[in-house]
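Colleague: Next come a sequence and a model predicted from it.
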Amino acid sequence: MIFINSNILAYSFKAYGHPNIKGTHRNTFEFTKDENLTSRGDCIIGVRATFHNRQLKEFLKQIKEKSTERITIKISISNPNSSQTISDELTAIPNFDFSDDHEFVVRLGPMATERTFATNADKSAMMLKRELIAAMKIDGAVAAIEISSLS
């Protein structure tokens, strides 16, 4: 869902935990719409992602019109084992050519493909808080992802 709050554009979606989440990739992280995950997917930090390609493209269009050079991506999860919320945040450059309807990839480097939502991020999967990754290893854990423009 796209929303505007105090001149800041934002888009949010959810992703779910899975026991095979590792979050150890050095260069990327990914949310996928897949329901299952093998142990080889070390960049995937959430499954069953609820993002919508059409809405993300509209969000990117609005970001481009605003001439925003970087975005913030915030990942929050209510720890299923306690009442504590765990969050982590990073910035990246949006890829205005993003067009994948199944995978949402964020990369440290500048390489962009149709499945790359953002590049030049300041964190990869292995750099995210380990408490966040541990919580996402719990089957059924729910993470809220909010992408916002920097003003």
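Modeller: Received the coordinates, thanks. Numbering: from 1, shown residues only.
Colleague: Test my guess that Y11 contacts Q55.
Modeller: Yes. Judged on CB atoms under 8 Å, Y11 makes contact with Q55 at a distance of 6.7 Å. C-beta: built from backbone N, CA, C; applies to glycine.
Colleague: Give me the more crowded residue out of the two.
Modeller: Y11 (23 against 13; other CB atoms under 10 Å).
Colleague: Now do whichever strand or helix holds the more buried one: which elements does it pack against?
Modeller: Under the criterion of DSSP states H and E, Y11 resides in strand 8-16. Applying 3 or more CB pairs under 8 Å, 6 or more residues apart in numbering; DSSP states H and E, one finds that strand 8-16 makes contact with strand 2-5, strand 44-46, helix 53-65, strand 142-149.
Colleague: Compute the inter-axis angle for it and helix 53-65.
Modeller: 150 degrees (axes from the mean of the first three to the mean of the last three CA atoms, to 10 degrees).
Colleague: State the mean pLDDT of strand 8-16.
Modeller: For strand 8-16, mean pLDDT rounds to 91.
Colleague: So what touches that strand?
Modeller: 1-4, 31, 45-52, 55-56, 59, 62-63, 66, 68, 140-149, 151 (CB atoms under 8 Å, 6 or more residues apart in numbering).
Colleague: okay, and for the protein, where does confidence drop off?
Modeller: The chain contains residues with pLDDT under 70 at 1-6, 79-82, 151.
Colleague: what do you get if the cut-off is 80, keeping everything else the same?
Modeller: Where the chain drops to pLDDT under 80, the residues are 1-8, 67-68, 78-83, 150-151.
Colleague: count of residues packed around F98?
Modeller: 20.
Colleague: any idea which element it lies in?
Modeller: Residue-wise, F98 maps onto no helix or strand under DSSP H and E.
Colleague: wait, what's in contact with it?
Modeller: Neighbour list for F98: 56-57, 60, 112, 114-117 [criterion: CB under 8 Å, 6+ apart].
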